[in-house]
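Enquirer: need coordinates for the below:
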Amino acid sequence: MKIAVTGSIATDHLMHFPGKFADQLIADQLHKVSLSFLVDDLVVRRGGVASNIAFGMGQLGLHPILVGAVGADFADYRSWLERHGVDCGSVHVSGVAHTARFVCTTDDDLNQIASFYAGAMAEARNIELKPVADRAGGLDLVLISANDPAAMIRHSRECRERGYAFAADPSQQLARMDGGDVLTLISGADFLLTNDYERSLLEQKARLTGEQVLDHVKVRVTTLGKQGVEISGRDIERIHVPVARDVIPDDPTGVGDGFRAGFFSAISWGLGLERAAQVGSLVAALVLETVGPQEYEIKGDFFAKRFADSYGDDAAAEVHPYLPA
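Expert: Residues are numbered from 1 along each chain as shown. As a prediction, this is how the structure comes out:
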């Protein structure tokens with residue numbers, strides 16, 4: 001299955017605040033917040049939604065096509081991704097801007113305060129998908145993840161015009177979209193992915209009920225944090241998948257991207273929605289247990305054992321043949 005993953009490509013600057021943000025906020029002074037958090041740790045990691053997803057797919061033996069915009073400082077990152085199975089031949093390199101930066105501070109309750117500098121990502125709106133498809137010999141699925149909003153809208157329209165199956169994954173960019181943009185992005189999508197908060201925000205902005213959303217998309221996947229994953233859609237029974245067992249959390253950055261990597265890898269193997277959500281949930285757990293969204297490694301036998309512990313031997317037997325050696 002040929003999958004193009006469009007979206008942000010960035011470096012993550014991750015810090016830890018040894019306390020709770022909530023303890024520093026005064027309820028009647030929130031209109032004039034002026035705070036500085038003294039952090040006790042800083043790591044710089046490779047990140048970006050699209051590159052995180054593509055990396056995870058590469059860990060599972062796929063060769064996804066990464067589509068996004070970067071700066072001339074991307075050379076080392078490109079080498080890293082290519083070593084891990086990612087096709088970077090369709091990445092646009094800006095002549096003027098730096099690769100995007102994500103700066104995030106996490107407190108002891110795993111709450112996060114973050115900023116995102118778009119940089120070269122703004123040029124993603126200039127990327128056409130047809131040359132990507134021509135180079136790959138066709139595309140079976142285009143994943144439209146968080147990116148320059150104009151790029152997301154362009155990719156969605158082109159998918160409909162050219163008949164490319166696509167998944168809409170608006171993520172944090174919902175905050176920058178109005179209702180019309182939301183409808184343009186999701187209409188005709190084979191998959192719509194959000195977390196539970198984004199689900200409500202999307203419905204509010206688009207002025208749609210949950211049932212009405214399913215008039216625009218085939219399958220809706222909603223991650224529910226500790227409550228697992230819910231899948232609904234046209235003519236399918238609602239599916240609920242619990243989170244993986246015995247997870248020791250460390251850093252939540254990129255957990256949703258890990259889920260998407262596992263979910264769409266399993267879809268590409270021809271597995272059903274429930275099994276795909278289980279694979280995604282275990283990849284998400286591996287991300288949660290490491291600092292940084294691309295610091296984990298998937299080893300087939302170990303992954304299969306943990307999968308069996310969480311979802312049963314029969315489920316693991318179905319997944320194991322597709323896992324890397």
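
Enquirer: show the pLDDT at residue 172.
Expert: Model confidence at residue 172, given as pLDDT, is 88.

Enquirer: that one against residue 147, yeah?
Expert: No. Using CB atoms under 8 Å, residue 172 makes no contact with residue 147, being 10.6 Å away. Using the backbone N, CA and C atoms, a C-beta is placed for each residue, glycine as well.

Enquirer: the more surrounded of the two?
Expert: residue 147 (32 against 13; other CB atoms under 10 Å).

Enquirer: enumerate every residue touching the more buried one.
Expert: For residue 147, the contacting residues are 6-8, 49-50, 68, 121, 124, 155, 173, by CB atoms under 8 Å, 6 or more residues apart in numbering.

Enquirer: and which of these is nearest to residue 78?
Expert: residue 68 (11.5 Å; CB to CB).

Enquirer: buried stuff in stretch 207-216?
Expert: Using 16 or more other CB atoms under 10 Å as the test for burial, stretch 207-216 gives 208, 213-214, 216.

Enquirer: among the residues you listed, which ones are in helices?
Expert: In helices, defined here by DSSP state H, the members of the buried residues of stretch 207-216 are residue 213.

Enquirer: name the nearest of the buried residues of stretch 207-216 relative to residue 317.
Expert: residue 214 (32.3 Å).

Enquirer: and the residue nearest to that closest one when sequence neighbours are not counted, how many residues sit next to it?
Expert: Nearest residue to residue 214, sequence neighbours excluded (CB to CB, 6 or more residues apart in numbering): residue 234, at 5.8 Å. Neighbour count of residue 234, defined by other CB under 10 Å: 10.

Enquirer: wait, residue 234 sits on residue 213?
Expert: No. If you go by CB under 8 Å, residue 234 and residue 213 don't touch, sitting 10.8 Å apart.

Enquirer: so where do the strands sit in the stretch 201-325 of the chain?
Expert: Secondary structure of the stretch 201-325 of the chain, counting by DSSP state E, counting those that start in this stretch: strands at 217-223, 229-233, 239-241.

Enquirer: how about the helices in the stretch 51-200 of the chain?
Expert: Remark: helices assigned in the stretch 51-200 of the chain by DSSP state H, counting those that start in this stretch are 75-83, 130-136, 149-162, 179-186, 196-206.

Enquirer: any idea what the nearest residue to residue 112 once chain neighbours are set aside is bridged to?
Expert: Spatial nearest neighbour of residue 112, chain neighbours left out: residue 106 (5.1 Å); criterion: CB to CB, 6+ apart. On the basis of DSSP bridges, residue 106 is bridged to residue 16, residue 112.

Enquirer: isn't residue 106 up against residue 16?
Expert: Yes. At 5.7 Å, residue 106 counts as touching residue 16 under the criterion of CB under 8 Å.

Enquirer: between those two, which is the more surrounded one?
Expert: residue 106 (22 against 18).

Enquirer: and the pLDDT for the residue nearest to residue 230 when sequence neighbours are not counted?
Expert: Distance criterion CB to CB, 6+ apart; nearest residue to residue 230, sequence neighbours excluded, is residue 222 at 4.8 Å. According to the prediction, residue 222 has pLDDT 98.

Enquirer: could you do residue 237 as well?
Expert: What the model reports as pLDDT for residue 237 is 94.

Enquirer: now the helix or strand harbouring residue 14: how far from the chain's centre is it?
Expert: Element membership of residue 14, judged by DSSP states H and E, is strand 10-16. Distance of strand 10-16 from its chain centroid, counting by CA atoms, centre = their mean, to the nearest Å, is 16 Å.

Enquirer: with just CA atoms, put it into CSV.
Expert: Taking C-alpha atoms only, strand 10-16 is exported to CSV below (Å, rounded to 0.1, in the frame of the first residue of the first chain):
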residue,chain,number,x,y,z
ALA,A,10,9.8,20.0,12.8
THR,A,11,12.3,19.7,15.6
ASP,A,12,11.0,19.5,19.2
HIS,A,13,12.6,21.4,22.1
LEU,A,14,11.2,19.6,25.1
MET,A,15,11.5,20.8,28.7
HIS,A,16,10.2,19.6,32.1
